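Peer 1: Structure for this input, please:
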Amino acid sequence: MHVAIAGNIGAGKTTLTGMLAKHYSWEPHFEDVLKNPYLDDFYERMERWSFNLQIYFLNSRFNQMIDCSNKNKDTIQDRTIYEDAYIFAPNLLSMGLMTNRDFKNYESIFKTLKSFVKDPDLLIYLRSNIPNLVDQIHKRGRDYENSISIEYLSRLNERYEAWIQSYDKSNLLIIDVDDIDFVENKEDFKSIVAQIDAKINKL
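Peer 2: Have a look, this model is predicted:
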């Protein structure tokens, strides 16, 4: 079984991925942040490095999904290949931070790669409002994220909501994380697990 977690920057995807991997003994596949050679440059000069960054993430997540498909283990993935193609890249295009030529090239590569991967069995979407996202981003203190603007996060949130409303590729679980603390509150985490169990039992 392949479970994937989607959500905006700061929604808690990586943390929940790790907790669920431990709880269910799933093999985790985390977003490649520390080894990403473009991330720092991107946040300093988005228009220069947007295409490079998106291609790097696309390749990284494609390889993760291939890995998930080929293993005989249950896996959980931190962020999906769809978010790059349907949210981040189009957002960069609309903000004038990616050229139309680069976007069309990116879109073509995505469509080719997508034909080789299997959709996750369950997608978990972590929904959060902007103040909570900003608070979480500041708490984790990644230097390269200091320049992320409210406008950028807001645009991403709008695209996430539009995407998730039309998502039909697999089973879907939406979790509102603004008023819960699944890290510190065991009951909140148990509630998430119960919702996941209910979804898994229907697969």
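Peer 1: First-to-last residue distance for stretch 4-15?
Peer 2: Taking Cα to Cα, to the nearest Å, the first and last residues of stretch 4-15 lie 13 Å apart.
Peer 1: residue ranges for the helices of the chain, please.
Peer 2: 13-24, 39-44, 46-70, 81-83, 89-94, 100-114, 130-140, 150-165, 186-201 (DSSP state H).
Peer 1: Show me what counts as buried in the longest one.
Peer 2: Counting neighbours by 16 or more other Cβ atoms under 10 Å, one finds that the buried residues in helix 46-70 are 46, 49-51, 53-58, 60-62, 64-65, 68. C-beta: built from backbone N, CA, C; applies to glycine.
Peer 1: of all those residues, which comes closest to residue 24?
Peer 2: Nearest to residue 24 among the buried residues of helix 46-70: residue 68, at 14.3 Å, using Cβ to Cβ.
Peer 1: right, and the closest one touches residue 29 too?
Peer 2: Yes - Residue 68 lies in contact with residue 29 (Cβ atoms under 8 Å); the separation is 6.6 Å.
Peer 1: Overlap of the contact sets of these two?
Peer 2: Common contact partners of residue 68 and residue 29 (Cβ atoms under 8 Å, 6 or more residues apart in numbering): 75, 77.
Peer 1: which one of the helices of the chain is the most hemmed in?
Peer 2: Highest mean neighbour count among the helices of the chain (mean count of other Cβ atoms under 10 Å): helix 81-83, with a mean of 21.
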